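Asker: no letters, just coordinates:
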């Protein structure tokens, strides 16, 4: 069975890891996704705290601290920076007395709980500082992509990350090349709606060439085609293949690692 000290050490590691993950998530968030990312991070913190409290209660008999009869010592070991500094500035006052002049009994359980809370807060702050100094993966990715664009004579264009982004990007490039996206009403779509014509084209090709796609699907063809045509389902390799065949073009995808595809 895990000892209380081992559990505390594990909790500190998990808190540190979570703060690192949260920092990276927030660094990678856009204006559109920031609210959802913040909500997700708050939920992750709540879940971890709830689990830690439950584990502490189960191991410590409901008080989240070991040994109610244990007398805390001033040299109790801790690996959390900041706690020692806090203790160094602490002064010792006369113990409070009751109405009859007798010293009141110290609430050792409460003191240990306060000390543990201070340790946890110190760990969280240390993890935040450490995570803040880590490289920003979003910035690194963008720097790599810009270098690729420059080498190939390309220019960056922002596309809204709303689930339609692959189709919007293809529609933008086809329009710049003067290739019609569709016929009838599809040819008259405004710029921010052109993805609809491209979605229809991809769905139509996949539906008409089931032999090229069935082996890669984990759901019925008609359901997959419906999602691609009528929802904000993210597109991928299959849709790029269908679009390249439909519009008779070569589509190249730049990546941060490995050759372009």
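Answerer: Everything's here; your move. Small disclaimer: the values here were computed from a predicted structure and weren't measured.
Asker: shaky segments in this structure?
Answerer: Along the chain, the model assigns pLDDT under 70 to residues 60-106, 131, 258-261.
Asker: how far away is the closest residue to residue 187 other than its chain neighbours from residue 226?
Answerer: The shortest distance from residue 187 to any non-neighbouring residue, by C-beta to C-beta, 6 or more residues apart in numbering, is to residue 180 (5.8 Å). The C-beta positions use only the backbone N, C-alpha and C, and glycine is treated the same way. To residue 226, residue 180 is 24 Å away according to C-beta to C-beta, to the nearest Å.
Asker: ok, those two, which is more surrounded?
Answerer: Neighbour count, other C-beta atoms under 10 Å: between residue 180 and residue 226, residue 226 has more, with 14 against 11.
Asker: distance of that one from residue 244?
Answerer: Residue 226 is 22 Å from residue 244, by C-beta to C-beta.
Asker: also residue 146?
Answerer: Separation of residue 146 from residue 244 (C-beta to C-beta): 25 Å.
Asker: give me the more crowded residue out of the two.
Answerer: More crowded of residue 146 and residue 244, by other C-beta under 10 Å: residue 244, with 16 against 12.
Asker: buried residues of the helix ranked longest in the chain, list them for me.
Answerer: For the chain, the helix with the greatest residue count under DSSP state H is helix 34-60. Using 16 or more other C-beta atoms under 10 Å as the burial criterion, the residues of helix 34-60 that qualify are 37, 41, 48, 52, 56, 59-60.
Asker: now those as TSV including distance to residue 129?
Answerer: Shown next, in TSV, are those (distance: C-beta to C-beta, whole Å):
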residue	distance to residue 129
37	20
41	17
48	19
52	21
56	25
59	29
60	29
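Asker: returning to what we had before: wait, the residue nearest to residue 187 touches residue 189, no?
Answerer: No. Using C-beta atoms under 8 Å, residue 180 is not in contact with residue 189; the gap is 11.2 Å.
Asker: domain parsing of this protein, as residue ranges.
Answerer: Following the assignment in automatic domain parsing, the chain carries domains at 4-93+105-132, 137-247.
Asker: if we can go back for a sec, what helix or strand is the residue nearest to residue 187 on?
Answerer: Using DSSP states H and E, residue 180 sits within no helix or strand.
Asker: cool, residue 223 as well?
Answerer: helix 221-230.
Asker: report the angle between the following helix or strand past that helix and helix 221-230.
Answerer: Next in sequence after helix 221-230, counting helices and strands by DSSP H and E, comes helix 237-247. Interaxial angle, helix 237-247 versus helix 221-230 (axes from the mean of the first three to the mean of the last three C-alpha atoms, to 10 degrees): 70 degrees.
Asker: so what's residue 145 closest to, chain neighbours aside?
Answerer: residue 254 (6.2 Å).
Asker: just to check, residue 196 is in contact with residue 187?
Answerer: No. Counting by C-beta under 8 Å, residue 196 does not reach residue 187; the two are 11.6 Å apart.
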